[in-house]
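K.L.:
Predicted model, plus sequence, below.
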Amino acid sequence: MSDDPRWSEVDEFLTKVVATPDEALTRTVQASQEAELPNIQVSYPQGQMLHILALLTSPRRILEIGALGGLSAIYLARALPADGKLVTLELNADFARVARKNIDQAGVGDRVEIRVGPAQKTLETMTPERDGPFDFVFIDADKDSGATYVEHAIRLSRPGTLILLDNTVRDGEIVNPNTTDPRVQGTVRALKLMGSHPRLVSTCIQTVGCKGYDGFALARVR
Ligand code: DHB
Ligand code: MG
(Lines give C-alpha, C1' and ligand atoms only; values in the text may rest on other atoms or scores of the structure.)
(Ligands and ions follow the chains in the order given, each with its own letter.)
Protein backbone atom coordinates (compact mmCIF):
# COMPACT_ATOMS: atom_id res chain seq x y z
CA MET A 1 0.00 0.00 0.00
CA SER A 2 1.58 3.29 -1.06
CA ASP A 3 0.54 6.46 0.68
CA ASP A 4 -1.19 9.20 -1.31
CA PRO A 5 0.95 12.38 -0.98
CA ARG A 6 -2.24 14.34 -0.33
CA TRP A 7 -2.61 12.63 3.06
CA SER A 8 0.47 14.46 4.36
CA GLU A 9 -0.34 17.69 2.50
CA VAL A 10 -3.79 17.72 4.09
CA ASP A 11 -2.31 16.97 7.51
CA GLU A 12 0.03 19.96 7.10
CA PHE A 13 -2.95 22.13 6.17
CA LEU A 14 -5.01 20.88 9.12
CA THR A 15 -2.08 21.39 11.45
CA LYS A 16 -1.80 24.99 10.24
CA VAL A 17 -5.48 25.93 10.32
CA VAL A 18 -7.26 23.85 12.95
CA ALA A 19 -4.91 21.93 15.27
CA THR A 20 -1.98 24.32 15.54
CA PRO A 21 0.66 23.18 18.02
CA ASP A 22 2.25 25.63 20.45
CA GLU A 23 6.00 25.82 21.07
CA ALA A 24 6.02 23.22 23.84
CA LEU A 25 4.58 20.67 21.40
CA THR A 26 6.87 21.53 18.46
CA ARG A 27 9.87 21.52 20.81
CA THR A 28 8.80 18.06 21.98
CA VAL A 29 8.78 16.70 18.42
CA GLN A 30 12.11 18.36 17.68
CA ALA A 31 13.75 17.00 20.83
CA SER A 32 12.39 13.53 20.06
CA GLN A 33 13.90 13.69 16.56
CA GLU A 34 17.23 14.91 17.96
CA ALA A 35 17.24 12.00 20.41
CA GLU A 36 16.57 9.70 17.45
CA LEU A 37 13.35 8.28 18.84
CA PRO A 38 11.23 6.44 16.26
CA ASN A 39 9.03 8.90 14.39
CA ILE A 40 5.79 7.17 15.38
CA GLN A 41 4.29 9.66 17.82
CA VAL A 42 0.78 10.98 17.23
CA SER A 43 0.33 13.76 14.69
CA TYR A 44 -0.71 17.17 16.01
CA PRO A 45 -4.33 16.74 14.86
CA GLN A 46 -4.43 13.30 16.49
CA GLY A 47 -2.94 14.71 19.68
CA GLN A 48 -5.59 17.39 19.74
CA MET A 49 -8.27 14.71 19.34
CA LEU A 50 -6.85 12.90 22.38
CA HIS A 51 -6.97 16.17 24.31
CA ILE A 52 -10.63 16.75 23.39
CA LEU A 53 -11.71 13.17 24.13
CA ALA A 54 -9.94 13.29 27.49
CA LEU A 55 -11.64 16.62 28.31
CA LEU A 56 -15.03 14.99 27.66
CA THR A 57 -14.42 12.63 30.59
CA SER A 58 -13.72 15.53 33.03
CA PRO A 59 -10.64 13.55 34.02
CA ARG A 60 -8.85 13.39 37.34
CA ARG A 61 -6.78 10.33 36.45
CA ILE A 62 -5.47 9.37 33.00
CA LEU A 63 -3.48 6.25 32.09
CA GLU A 64 -1.21 6.07 29.07
CA ILE A 65 0.48 2.85 27.99
CA GLY A 66 3.51 3.74 25.86
CA ALA A 67 5.01 7.20 26.49
CA LEU A 68 7.61 7.40 23.71
CA GLY A 69 8.83 11.05 23.76
CA GLY A 70 5.86 12.38 25.71
CA LEU A 71 3.94 14.23 22.98
CA SER A 72 0.60 12.50 23.59
CA ALA A 73 1.19 12.71 27.36
CA ILE A 74 1.37 16.50 27.08
CA TYR A 75 -1.89 16.66 25.12
CA LEU A 76 -3.53 14.39 27.72
CA ALA A 77 -2.07 16.09 30.80
CA ARG A 78 -3.39 19.41 29.51
CA ALA A 79 -6.91 18.00 29.93
CA LEU A 80 -6.31 17.49 33.67
CA PRO A 81 -7.04 19.92 36.50
CA ALA A 82 -4.00 21.16 38.46
CA ASP A 83 -4.39 18.35 41.00
CA GLY A 84 -5.07 15.67 38.36
CA LYS A 85 -2.63 12.94 37.46
CA LEU A 86 -1.43 11.15 34.35
CA VAL A 87 0.42 7.86 34.79
CA THR A 88 2.33 6.85 31.67
CA LEU A 89 4.11 3.51 31.26
CA GLU A 90 7.28 3.24 29.16
CA LEU A 91 9.49 0.21 28.55
CA ASN A 92 12.53 2.09 27.27
CA ALA A 93 14.45 4.09 29.91
CA ASP A 94 16.05 6.32 27.25
CA PHE A 95 12.65 7.19 25.80
CA ALA A 96 11.39 7.87 29.33
CA ARG A 97 14.22 10.37 29.94
CA VAL A 98 13.37 12.23 26.73
CA ALA A 99 9.67 12.18 27.67
CA ARG A 100 10.42 13.50 31.17
CA LYS A 101 12.27 16.50 29.77
CA ASN A 102 9.61 17.21 27.15
CA ILE A 103 6.78 16.96 29.67
CA ASP A 104 8.60 19.18 32.16
CA GLN A 105 9.37 21.91 29.61
CA ALA A 106 5.68 21.90 28.69
CA GLY A 107 4.85 22.86 32.28
CA VAL A 108 2.80 19.77 33.16
CA GLY A 109 5.55 17.77 34.88
CA ASP A 110 3.84 17.95 38.27
CA ARG A 111 0.82 16.14 36.83
CA VAL A 112 2.74 13.33 35.10
CA GLU A 113 4.33 10.21 36.53
CA ILE A 114 6.37 7.99 34.21
CA ARG A 115 6.73 4.36 35.29
CA VAL A 116 9.61 2.65 33.50
CA GLY A 117 9.48 -1.07 32.73
CA PRO A 118 7.40 -3.63 30.84
CA ALA A 119 3.84 -2.28 30.91
CA GLN A 120 2.30 -5.66 31.62
CA LYS A 121 4.37 -6.02 34.80
CA THR A 122 3.59 -2.50 35.93
CA LEU A 123 -0.12 -2.94 35.25
CA GLU A 124 -0.21 -6.10 37.34
CA THR A 125 0.87 -4.03 40.35
CA MET A 126 -1.79 -1.37 39.82
CA THR A 127 -5.22 -1.26 41.49
CA PRO A 128 -8.20 0.99 40.80
CA GLU A 129 -8.28 2.00 44.48
CA ARG A 130 -4.65 3.10 44.70
CA ASP A 131 -3.85 4.22 41.14
CA GLY A 132 -7.21 5.02 39.60
CA PRO A 133 -9.88 4.69 38.68
CA PHE A 134 -8.79 6.12 35.37
CA ASP A 135 -11.19 8.32 33.43
CA PHE A 136 -9.31 7.99 30.15
CA VAL A 137 -6.89 5.32 28.95
CA PHE A 138 -4.69 5.70 25.87
CA ILE A 139 -3.07 2.46 24.72
CA ASP A 140 -0.16 3.02 22.32
CA ALA A 141 2.53 0.47 23.19
CA ASP A 142 3.60 -2.89 21.71
CA LYS A 143 0.84 -4.07 19.43
CA ASP A 144 1.18 -7.77 20.34
CA SER A 145 -0.21 -7.09 23.81
CA GLY A 146 -3.19 -4.89 22.97
CA ALA A 147 -5.81 -7.30 24.31
CA THR A 148 -4.00 -7.62 27.65
CA TYR A 149 -3.77 -3.85 27.92
CA VAL A 150 -7.49 -3.49 27.17
CA GLU A 151 -8.29 -6.00 29.95
CA HIS A 152 -6.19 -4.00 32.42
CA ALA A 153 -7.75 -0.75 31.23
CA ILE A 154 -11.22 -2.12 32.00
CA ARG A 155 -10.07 -3.41 35.40
CA LEU A 156 -8.70 0.04 36.29
CA SER A 157 -11.72 1.94 34.92
CA ARG A 158 -15.06 3.30 36.15
CA PRO A 159 -18.38 3.41 34.31
CA GLY A 160 -17.92 6.07 31.63
CA THR A 161 -14.17 5.64 31.18
CA LEU A 162 -13.01 6.08 27.58
CA ILE A 163 -10.41 3.65 26.23
CA LEU A 164 -8.56 4.51 23.02
CA LEU A 165 -6.37 1.92 21.32
CA ASP A 166 -4.00 3.27 18.67
CA ASN A 167 -2.87 1.68 15.40
CA THR A 168 -5.73 -0.71 14.83
CA VAL A 169 -5.77 -0.87 11.01
CA ARG A 170 -2.07 -1.10 10.04
CA ASP A 171 -2.28 -0.46 6.28
CA GLY A 172 -5.36 -2.68 6.20
CA GLU A 173 -3.32 -5.73 7.27
CA ILE A 174 -5.97 -6.62 9.86
CA VAL A 175 -8.04 -8.18 7.07
CA ASN A 176 -5.12 -10.22 5.66
CA PRO A 177 -5.95 -13.77 6.77
CA ASN A 178 -2.40 -14.94 5.96
CA THR A 179 -0.62 -12.44 8.17
CA THR A 180 2.10 -13.89 10.37
CA ASP A 181 2.89 -10.53 11.96
CA PRO A 182 2.29 -10.92 15.72
CA ARG A 183 1.55 -7.18 15.95
CA VAL A 184 -1.29 -7.51 13.46
CA GLN A 185 -2.52 -10.70 15.12
CA GLY A 186 -2.42 -8.92 18.48
CA THR A 187 -4.39 -6.00 17.10
CA VAL A 188 -7.08 -8.31 15.71
CA ARG A 189 -7.32 -10.04 19.11
CA ALA A 190 -7.71 -6.68 20.82
CA LEU A 191 -10.43 -5.58 18.38
CA LYS A 192 -12.35 -8.83 18.85
CA LEU A 193 -12.13 -8.42 22.61
CA MET A 194 -13.34 -4.82 22.42
CA GLY A 195 -16.21 -5.77 20.13
CA SER A 196 -17.42 -8.62 22.32
CA HIS A 197 -16.71 -7.41 25.86
CA PRO A 198 -19.93 -7.02 27.86
CA ARG A 199 -18.58 -3.94 29.67
CA LEU A 200 -17.64 -2.02 26.50
CA VAL A 201 -19.42 -0.06 23.80
CA SER A 202 -16.80 -0.02 21.03
CA THR A 203 -15.99 1.22 17.57
CA CYS A 204 -12.95 1.44 15.29
CA ILE A 205 -12.27 4.18 12.75
CA GLN A 206 -9.86 4.08 9.78
CA THR A 207 -7.57 7.08 9.30
CA VAL A 208 -5.12 8.46 6.74
CA GLY A 209 -2.61 11.25 7.23
CA CYS A 210 1.06 11.98 7.70
CA LYS A 211 1.30 8.69 9.62
CA GLY A 212 -0.03 6.67 6.67
CA TYR A 213 -3.11 4.45 6.64
CA ASP A 214 -4.08 3.25 10.09
CA GLY A 215 -6.87 3.71 12.61
CA PHE A 216 -7.92 3.72 16.22
CA ALA A 217 -10.47 1.92 18.34
CA LEU A 218 -12.54 3.78 20.90
CA ALA A 219 -14.61 2.25 23.67
CA ARG A 220 -16.69 3.47 26.60
CA VAL A 221 -16.95 1.40 29.74
CA ARG A 222 -20.52 0.66 30.84
C1 DHB B 1 4.10 2.17 15.13
C2 DHB B 1 3.66 2.34 16.43
C3 DHB B 1 2.76 3.33 16.72
O4 DHB B 1 2.28 3.49 17.97
C5 DHB B 1 2.29 4.18 15.72
O6 DHB B 1 1.38 5.14 16.08
C7 DHB B 1 2.72 4.03 14.43
C8 DHB B 1 3.63 3.02 14.12
C9 DHB B 1 5.08 1.10 14.84
O10 DHB B 1 5.52 0.42 15.75
O11 DHB B 1 5.42 0.95 13.66
MG1 MG C 1 0.59 4.76 18.00
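P.N.:
Great, that's in hand. Ligands and ions are numbered 1, 2, ... in the order given.
K.L.:
Low-confidence ranges, this structure, go.
P.N.:
For the chain, residues meeting the criterion pLDDT under 70 lie at 1.
K.L.:
hmm, 50 instead?
P.N.:
Judged by pLDDT under 50, the chain has no weakly predicted residues.
K.L.:
mind listing the helices for the protein?
P.N.:
Counting by DSSP state H, residue ranges of the helices within the chain are 5-17, 23-34, 44-56, 71-77, 93-105, 119-124, 128-131, 146-155, 182-196.
K.L.:
for those helices, which one ends up most surrounded?
P.N.:
Counting by mean count of other CB atoms under 10 Å, helix 71-77 has the highest mean neighbour count of those, with a mean of 27. Every C-beta, even on glycine, is put in place using the N, C-alpha and C of the backbone.
K.L.:
what residues does this protein put near ligand 2?
P.N.:
Counting by CB under 5 Å from the ion, the positions of the chain adjacent to ligand 2 are 140, 166-167.
K.L.:
quick revisit: quick one, which of the helices of the chain gets closest to V175.
P.N.:
Distances from V175 to each of those were compared by CB to CB, and the smallest falls on helix 182-196, at 8.9 Å.
K.L.:
Just want the residue of the chain that's nearest ligand 2.
P.N.:
Here the chain gets closest to ligand 2 at one residue, D166, 3.6 Å apart by CB to the ion.
K.L.:
contacting residues around that residue?
P.N.:
Shown in contact with D166 (CB atoms under 8 Å, 6 or more residues apart in numbering): 42, 138-140, 214, 216.
K.L.:
go on, A119?
P.N.:
Taking CB under 8 Å, 6+ apart as the test, what A119 contacts is 65-66, 89, 91, 141-142, 145, 149.
K.L.:
so what's the nearest residue to it once chain neighbours are set aside bridging to?
P.N.:
On the basis of CB to CB, 6 or more residues apart in numbering, the spatially nearest residue to A119 that is not a chain neighbour turns out to be L89, at 4.3 Å. Beta-bridge partners recorded for L89 (DSSP bridges): I65, R115.
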